[in-house]
Structure formats: structure tokens, C-alpha cells
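**Student:** what's the 3D shape of this:
(one chain, ligands or ions: 1)
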Amino acid sequence: MSLALGVLVSGSGSNLQAILDRVRAGSLDADIRVVIANRPDALGLERAREAGIPTACVLHADFPRREDFDRELVRLLRQAGVEWVALAGFMRILTPEFLTPFAGRVVNIHPALLPACAGLHAQRQQAEHGVRLAGCTVHFVDEQMDHGPIVIQAAVPAFADDDEASLGARILDMEHRIYPQALQWIAQGRVRVEGRQVVVDGASRTVAGPHWTNPPLETPFDL
Ligand code: GRF
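**Tutor:** Here you go, the predicted structure:
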């Protein structure tokens, strides 16, 4: 089954790029129907255009209430035939106006090992706390920020001389691996949410191989 995917971005869109690259390489069975940004200068829009993907920009400031902004997003996503939504650095909190029509079909990537370091500046939070293991998480989206059931996490080491930038780069590298993998599991129909838990059919819940992800990656580490 090809995943009819919409991607929402606010900034650089490097995770979007990773998704686009994996689709092109054949290790992610997704049809990206539209990329929507809430900022006209989001580099993610440019990346989408270069890949020949339809784009839209919806300025949240144009809408008096969050719900109105969300309703417009839903309209555009539906119009594009989107069934699943991937948030990729999308810096807006979504209301039930959005989450109800796409219930259980919205995922996000967060640059920390949730539930630790939710919220903004997660890379800085981890560097300042002197964590020894940092990481990233793909999770389902619910009405609380960075809160829904966890699909996959990757751990990366954090060193004494790391700062926000160096640690963030190491985390981001793993984000680009785990997000396409999580989406591929969804495309394969292998992902089930059971309360707070996510079951990925056929995937073990161990950390195996050289990459500290749980479940282990099945898609190639490098393109
Ligand atoms: C990533 O660190 C992601 O985890 C967070 O926002 C950042 C987006 O980066 N939610 P990019 O726009 O994908 O480069």
C-alpha cells in the first residue's frame, strides 16, 4: 500500500528531505500529495517544489483562531487526497479541529528521548542537562505537545564537550533515519496503537546492530 502522505513544515525541512530521498530510493512506499508550511520562507517548500510535490502556504497569522487555521489545513490536505500526516518541524500546536478528522493518523518527530525534554529547544535542554544519552522519537500526535504513543526511538551519545549545535547535529542525523523507517512501517500496515503502546508487527523491541534504535532499523541506514 502506498501511503498518501501530507507533510507539514515550518523551517528547513531536512526531515522532509530525508523522506523525499527515501521515497526516491524506493525504501519508503509513500506518495507525498502535498507539503504545507505556515511560513512562506520555509526552506521545506523549496525542497518540495524541487521534488515536484505540490505545495501550499497557510499563514497562521491570517486566522483569528487556531481552529480556523486548522480547518484550512484539513481542507487542503483532504483536497490533496491525504490520508496520513507527518509533522516535520511544524511549529504549531494542533487542535481537535485538525486531530479529529485525522485521528490516529498524525505522526511527529521530536529531537529527544520522550518523555524527557518535551517542548521547545530539546537539543539545548539535553546539552544543558549534561545527559549521557540523547536521541529522537517518532510518535503519534495527540492534543498534548510531544506526548502521544512512541513508534521508534534512536539514542545517540552526548559528550562533555557537546553544545546544542554539535549534539543537535548528531540527533538530526538519526532523525533522518528513524522518520522514514516509521513511515514505512505505517505504509506496510504494521503499526498498531494499543493505549499508550505502539506495536510494530514483526519488529523486535530490542536494540540491535550498530545503530541504537528501538525497534531496529529495517530500511537501509544510508541511501
Ligand atoms: C527537527 O529537529 C525535529 O525533530 C523538530 O524540528 C526540527 C525540524 O528540522 N520537530 P527540519 O525542518 O526537518 O530540518
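**Student:** Touching, residue 20 and residue 53? I think so.
**Tutor:** Yes: Residue 20 is within contact range of residue 53, at 7.4 Å (criterion: C-beta atoms under 8 Å). Backbone N, C-alpha and C define where each C-beta goes, glycine included.
**Student:** which neighbours do these two share?
**Tutor:** residue 32 (C-beta atoms under 8 Å, 6 or more residues apart in numbering).
**Student:** which of the two has more neighbours?
**Tutor:** Taking other C-beta atoms under 10 Å, residue 20 and residue 53 do not tie; residue 20 has more neighbours (24 against 21).
**Student:** hang on, the more buried one in a helix?
**Tutor:** Yes: secondary structure of residue 20 (DSSP: H, G, I helix; E, B strand; the rest coil): part of a helix.
**Student:** Compute the distance between it and residue 44, please.
**Tutor:** The gap separating residue 20 from residue 44 is 10 Å, by C-beta to C-beta, to the nearest Å.
**Student:** Now residue 192: which helix or strand?
**Tutor:** Using DSSP states H and E, residue 192 sits in strand 191-194.
**Student:** How about residues contacting that strand?
**Tutor:** Residues contacting strand 191-194 (C-beta under 8 Å, 6+ apart): 104, 140, 149, 151, 182, 185, 198, 199, 200, 201.
**Student:** quick check: mean pLDDT across that strand?
**Tutor:** For strand 191-194, mean pLDDT rounds to 98.
**Student:** What strands flank it, and is each parallel or antiparallel?
**Tutor:** Strand 191-194 pairs in its sheet with strand 197-200 (antiparallel), by DSSP bridges.
**Student:** Packing partners of the helix or strand following the strand it pairs with?
**Tutor:** Using DSSP H and E, the next helix or strand after strand 197-200 towards the C-terminus is strand 213-214. Where contact means 3 or more C-beta pairs under 8 Å, 6 or more residues apart in numbering; DSSP states H and E, strand 213-214 is packed against strand 150-157, helix 164-187.
**Student:** Mind listing what's buried along the shortest one?
**Tutor:** When burial is assessed from 16 or more other C-beta atoms under 10 Å, strand 150-157 yields the following buried residues: 150, 151, 152, 153, 154, 155, 156.
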